[in-house]
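In: Build me a structure from this.
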Amino acid sequence: MPALSFQLHSTDVSTKARAGTVTTDHGVIETPIFMPVGTVGSVKALTVQQLQEDVQAQIILGNTYHLYLRPGTEVLEAAGGLHKFNGWNKPILTDSGGYQVFSLANNRKIKEEGVVFQSHIDGSKHLFTPESVMDIQRSIGADIVMAFDECPPYPSDYKYAHKSTELTHRWLERCIKHFNATPGKYGYTQNLFPIVQGSTYKDLRTASAQFMTSTSLTGCAIGGLSVGEPEEMMYEFTELCCDELPVNKPRYLMGVGTPWNILECIALGVDMFDCVMPTRNGRNAMLFTSKGVINIDNKKWEKDFSPLDDGIDCEMSNYYSKAYLRHLIKAKEITGLTIASTHNLAFYLWLVNEARKRILDGSFAAWKKEMVEVLKRRL
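Out: As a prediction, the model looks like this:
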């Protein structure tokens, strides 16, 4: 049996929603799952203990681009990998850095060999190739590593999208060859996921999903969505990809999204999600709750001493009041950022766990329809 395995427990009868388990050398992940983003080896404003106890996260992300620049692979290898470095003993997934390089549109050059880019820290020049990105992720030591891809912007014309997709496929072949030729560094197995691209063109997306399926890797990601296209288009292409990808392997939709995006995409067959939204929005006074969206900056919460959200299983969300958190945010007290970020992540984990329960007991479709409307409310 491979180091990463996926067991499908139930599929909703009215939608394509799935409940399963992903098993890695660092533990089991119950799907559908949301993965907090720990870009530089830390989920912003949270400790590992808060992630485990308050958020109840099962897997977190690290980012290859950021960790390569700082602290660097030499430090990570000396520590024994990112698990030892940051103290997180559950599964870790690393993004290949492709999206970050894409984001540096004015400071990078794409060619067949790879991508030359300038560091956002000091302006120094670096080259990412499919091979070097595999080596960096080996050094980081993630359980799931992502292939190096190009994420085309939205909108892209067909000619560019086609060229970009073909490049991603050639890079994947190089990733697989190099990954298979290099051993892990820390005594456990790492698993490579490819990334479906193709912009918003059905034939390119279909061909890319079929190409990724043909590699027989242990899971697959869907990239290049939630980059500016309308929500309905994102759903259309997510469903198209899920319909092409294997039933017996986990599907990871990269960088999505709002709570309602996540529920809609679970219904389309996605198993794994990540997004900076819960922490980024939390730091900017937006709370996602089981009753709707709150801007905690608003004066209406000044004397509201009710809990942040007593509808979810999070001690911090049940303990602190809206009035107190508003005070902290207004006072620019750093504790406020921790409470808001912890709450939002705990809410996201509660949401996917609740979705899993509903898939297993057969009530997902009706619950999802009702919940999407609730989650969009502005309180």
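In: Identify the residues contacting the nearest residue to residue 81 once chain neighbours are set aside.
Out: Of all residues not flanking residue 81 in the chain, residue 141 sits nearest, at 2.9 Å (CB to CB, 6 or more residues apart in numbering). For the C-beta atoms, the positions are set from N, CA and C on the backbone; glycine is no exception. Residue 141 is in contact with 76, 80, 81, 82, 83, 92, 184, 185, 186, 190, counting by CB atoms under 8 Å, 6 or more residues apart in numbering.
In: list the buried ones in stretch 155-164?
Out: Within stretch 155-164, the residues that count as buried by 16 or more other CB atoms under 10 Å are 156, 161, 162, 164.
In: Taking the residues you listed, tell me the two that lie furthest apart.
Out: Pairwise distances across those peak at 9.3 Å for 156 and 162 (criterion: CB to CB).
In: Near residue 205, how many other residues are there?
Out: If you count neighbours by other CB atoms under 10 Å, residue 205 ends up with 25.
In: May I ask you to confirm that it is in contact with residue 198?
Out: Yes: using CB atoms under 8 Å, residue 205 is in contact with residue 198, at 3.7 Å.
In: what is in contact with the two at once?
Out: Taking CB under 8 Å, 6+ apart as the contact rule, the neighbours common to residue 205 and residue 198 are residue 237.
In: what residues are up against residue 135?
Out: Contact analysis of residue 135 by CB under 8 Å, 6+ apart lists 73, 178, 182.
In: sec struct for the closest residue to the last one other than its chain neighbours, please.
Out: Of all residues beyond its chain neighbours, the one nearest residue 182 is residue 138 (5.8 Å), with distances taken as CB to CB, 6+ apart. Three-state assignment for residue 138 (DSSP: H, G, I helix; E, B strand; the rest coil): helix.
In: What count of nearby residues applies to residue 138?
Out: Residue 138: 21 surrounding residues under other CB under 10 Å.
In: buried set for stretch 16-33?
Out: Buried residues in stretch 16-33 (16+ other CB under 10 Å): 16-24, 26, 29, 31-33.
In: related to what we said a few turns ago, what about the buried residues of stretch 155-164, which are in strands?
Out: The members of the buried residues of stretch 155-164 all map outside strands under DSSP state E.
In: Quickly name whichever of the residues you listed is closest to residue 113.
Out: For the buried residues of stretch 155-164, the closest approach to residue 113 (CB to CB) belongs to residue 164, at 15.5 Å.
In: Quickly note the distance from the closest residue to that closest one other than its chain neighbours to residue 314.
Out: Once flanking residues are discounted, residue 164 sits nearest to residue 152: 4.4 Å by CB to CB, 6+ apart. From residue 152 over to residue 314 the distance is 38 Å, taken as CB to CB, to the nearest Å.
In: how about residue 45, what does it touch?
Out: Listed by CB under 8 Å, 6+ apart, the contact partners of residue 45 are 279, 283, 334, 337, 338, 341, 342.
In: From residue 93, how far out is the first one?
Out: What it means is residue 279. Distance, residue 279 to residue 93, by CB to CB: 16 Å.
In: Buried only: go through the contacts of residue 135 for me.
Out: Buried by 16+ other CB under 10 Å: 73, 178, out of those.
In: Which of the contacts of residue 135 sits closest to residue 322?
Out: Nearest to residue 322 among those, with distances taken as CB to CB, is residue 73, at 43.7 Å.
In: Next, the contact list for the closest one, please.
Out: Shown in contact with residue 73 (CB under 8 Å, 6+ apart): 67, 135, 136, 139, 140.
In: again, but for residue 112
Out: Residue 112 is in contact with 167, 170, counting by CB under 8 Å, 6+ apart.
In: Name the helix or strand for it, please.
Out: Here residue 112, judged by DSSP states H and E, is contained in no helix and no strand.
In: Residue 67 now?
Out: Assigned by DSSP H and E, residue 67 falls in helix 64-69.
In: Residue 210 now?
Out: According to DSSP H and E, residue 210 maps onto helix 202-214.
In: Which elements pack onto that helix?
Out: If you count contacts as 3 or more CB pairs under 8 Å, 6 or more residues apart in numbering; DSSP states H and E, helix 202-214 packs onto helix 158-181, strand 195-196, strand 220-222, helix 231-244.
In: possible to save those as JSON lines with mean pLDDT and distance to residue 374?
Out: Converted to JSON lines, the helices and strands packed on helix 202-214 look like this (pLDDT from 0 to 100; distance: least, CB to CB, whole Å):
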{"stretch": "helix 158-181", "mean pLDDT": "98", "distance to residue 374": "36"}
{"stretch": "strand 195-196", "mean pLDDT": "98", "distance to residue 374": "31"}
{"stretch": "strand 220-222", "mean pLDDT": "98", "distance to residue 374": "26"}
{"stretch": "helix 231-244", "mean pLDDT": "98", "distance to residue 374": "17"}
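In: Redo the ones you listed as TSV? Include distance to residue 87.
Out: What follows is the helices and strands packed on helix 202-214, written out as TSV (distance: least, CB to CB, whole Å):
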stretch	distance to residue 87
helix 158-181	27
strand 195-196	29
strand 220-222	26
helix 231-244	34
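In: Can you tell me which of these is packed in deepest?
Out: Compared across those, strand 195-196 shows the largest average neighbour count, a mean of 30 (mean count of other CB atoms under 10 Å).
In: distance between that one and the chain's centre?
Out: Relative to the chain's own centre, strand 195-196 is displaced by 14 Å; criterion: CA atoms, centre = their mean, to the nearest Å.
In: What of stretch 141-158?
Out: Per CA atoms, centre = their mean, the displacement of stretch 141-158 from the mean C-alpha position of its chain is 13 Å.
In: Need the distance between the two termini of that stretch.
Out: In stretch 141-158, first residue to last residue: 37 Å (CA to CA, to the nearest Å).
In: Could you tell me which residues within that stretch count as buried?
Out: By neighbour count on 16+ other CB under 10 Å, the buried set for stretch 141-158 is 141-152, 154, 156.
In: Likewise for stretch 286-305?
Out: So, applying 16+ other CB under 10 Å, buried residues of stretch 286-305: 286, 287, 288, 289, 290, 293, 294, 296, 301, 304.
In: Many thanks, have a good one.
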